[in-house]
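coords please:
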Amino acid sequence: MENKYYVEFLRELLSPDEEVRTEASDRVQDFVNLLNSTQARVLGDLIAMLTPHEDSRVALEALLHALSDLDGCGKLEGADLSPLKEIPDSAIQVEHREYMEDFAPRIGAGDGLDE
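The predicted structure follows:
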């Protein structure tokens, strides 16, 4: 992916506007195969760092889904998912649980998954 578009995309992930963040996260699946390994790792790291600080239930689901898209295409190698364990238990809703369970082995089994 061209750096110009990649940087603009990263800015959208950091937007103060919930809709912009959500839409950006949803678009990962559209270009995941265009990312080189460095871009994919940085994106995975950034998304993982953003998740514990996401106040929107919808945007949080979109971020977790974006990580899942990266993982499903083998593009999450080397990314640090440990920040996911910082997501407050109260923020993990039913629509987030499957993602968290899928990532649990990479973030520390059981973290953020208390019933």
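
just the strands in this structure please.
Assigned by DSSP state E, the chain shows no strands.

Helices of that one, start to end?
Counting by DSSP state H, one finds helices in the chain at the ranges 3-13, 18-31, 37-50, 57-72, 94-107.

Now do the fourth one: distance to the chain's middle.
Read that as helix 57-72. With CA atoms, centre = their mean, to the nearest Å as the basis, helix 57-72 stands 5 Å off its chain's centre.

same thing with the shortest one?
For helix 3-13, the separation from the chain centroid amounts to 15 Å (computed by CA atoms, centre = their mean).

how much does that helix deviate in direction from helix 57-72?
Following axes from the mean of the first three to the mean of the last three CA atoms, to 10 degrees, one obtains 140 degrees for the angle between helix 3-13 and helix 57-72.

And helix 3-13, what's buried?
6, 9, 12-13 (16 or more other CB atoms under 10 Å). Glycine gets a C-beta too; all of them are placed from N, C-alpha and C.

Quick one: residues contacting Met49.
Met49 sits next to Pro83 when contact means CB atoms under 8 Å, 6 or more residues apart in numbering.

where are the low-confidence patches of this protein?
Scanning the chain for pLDDT under 70 picks out 108-115.

and the gap between Leu63 and Asn3?
22 Å (CB to CB, to the nearest Å).

Mind putting the buried residues of helix 3-13 into JSON lines with distance to Ile47?
Formatted as JSON lines, the buried residues of helix 3-13 follow (distance: CB to CB, whole Å):
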{"residue": "Tyr6", "distance to Ile47": "14"}
{"residue": "Phe9", "distance to Ile47": "11"}
{"residue": "Glu12", "distance to Ile47": "12"}
{"residue": "Leu13", "distance to Ile47": "7"}
